[in-house]
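J.: Give me a 3D structure for the following:
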Amino acid sequence: KKVIILSILVQNTNQKANYLQCMLGIFLQSVHTPQKVVEILTQMGLSISVTSINAVILLLSKESNHTIKSLGHMMLTAYA
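T.: Numbers count the residues shown, from 1 in each chain. Have a look, this model is predicted:
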């Protein structure tokens, strides 16, 4: 409980300090939480917005794609 409260307080003072909210948002997306629930949690300061969740997932997908391609170029992976 203390970590969540501290995380909310830090996020309110610095928008870039939202690691917990970001991880929760990604988790909520992965378990198909309704958008309305995510919006309520965002308003409470417990999660990032739906738009931000989608942007983070897109960024992570691009980074993963780049990593896989670079591993392929170094011939460290096998393709089935």
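J.: where does the protein have low pLDDT?
T.: Filtered on pLDDT under 70, the chain yields the residue ranges 1, 4, 6-17, 75-80.
J.: Kindly list the longest helix within it.
T.: Looking across the chain with DSSP state H, the single longest helix is helix 50-73.
J.: Now tell me what touches it from outside.
T.: Outside helix 50-73, the residues that touch it by CB atoms under 8 Å, 6 or more residues apart in numbering are 22, 25-26, 28-29, 35, 38-39, 42, 47-48, 77, 79. Placement of C-beta: from N, CA and C, glycine included.
J.: Mind listing what's buried along that helix?
T.: For helix 50-73, the neighbour count (16 or more other CB atoms under 10 Å) marks 50, 53, 56 as buried.
J.: got the residues you listed as TSV, with distance to residue 71 columns?
T.: Formatted as TSV, the buried residues of helix 50-73 follow (distance: CB to CB, whole Å):
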residue	distance to residue 71
50	32
53	27
56	22
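J.: Nothing else from me, thank you.
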